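[1] sequence-free structure coming up:
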């Protein structure tokens, strides 16, 4: 599972956790898994079928230029 680092402004949804693990092969799948575990997170990260324009996802240190379609590996870190 990918490790997802949670910004401080979203930690109220994760019970204060700084990082969580979630399955998925794309950024969108990981966000969907996070939504199942932490309801409300997806609404704060996405606008419809896209990342919120104010959000930039980094996967393994690189900007996920494909947004929700960006590839995630089994041991990826997402910021």
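    Looks like it arrived, so ask away. What you are looking at is a predicted structure, and each value in this text was computed from that prediction instead of being measured.

[2] so where's the longest helix in the protein?
    In the chain, with assignment by DSSP state H, the single longest helix is helix 27-37.

[3] Any buried residues in it, and which?
    Of all the residues in helix 27-37, those buried under the rule 16 or more other Cβ atoms under 10 Å are 27, 28, 29, 30, 31, 32, 33, 34, 35. Heads up, the C-betas are built off the backbone N, CA and C, glycines and all.

[4] Identify, from these, the entry nearest to residue 58.
    residue 27 (10.0 Å; Cβ to Cβ).

[5] so how far is residue 18 from that closest one?
    19 Å (Cβ to Cβ, to the nearest Å).

[6] Where do the helices of this structure begin and end?
    27-37, 41-45.

[7] is it possible to export the ones you listed to TSV including mean pLDDT?
    Shown next, in TSV, are the helices of the chain (pLDDT from 0 to 100):
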stretch	mean pLDDT
helix 27-37	97
helix 41-45	96
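
[8] With respect to residue 1, which of the ones you listed lies nearest?
    Here helix 27-37 is closest among the helices of the chain (Cβ to Cβ), at 8.5 Å.

[9] elements contacting the closest one?
    strand 2-5, strand 19-22, helix 41-45 (3 or more Cβ pairs under 8 Å, 6 or more residues apart in numbering; DSSP states H and E).

[10] and the residue nearest to residue 66 when sequence neighbours are not counted, what is it in contact with?
    Distances taken as Cβ to Cβ, 6 or more residues apart in numbering place residue 27 nearest to residue 66, at 7.8 Å, with adjacent residues excluded. Going by Cβ atoms under 8 Å, 6 or more residues apart in numbering, residue 27 touches 51, 57, 59, 64, 66, 67, 68, 69, 70, 72, 78.

[11] ok, the third one touching residue 72?
    So the one you mean is residue 59. Yes - Residue 59 is within contact range of residue 72, at 5.8 Å (criterion: Cβ atoms under 8 Å).
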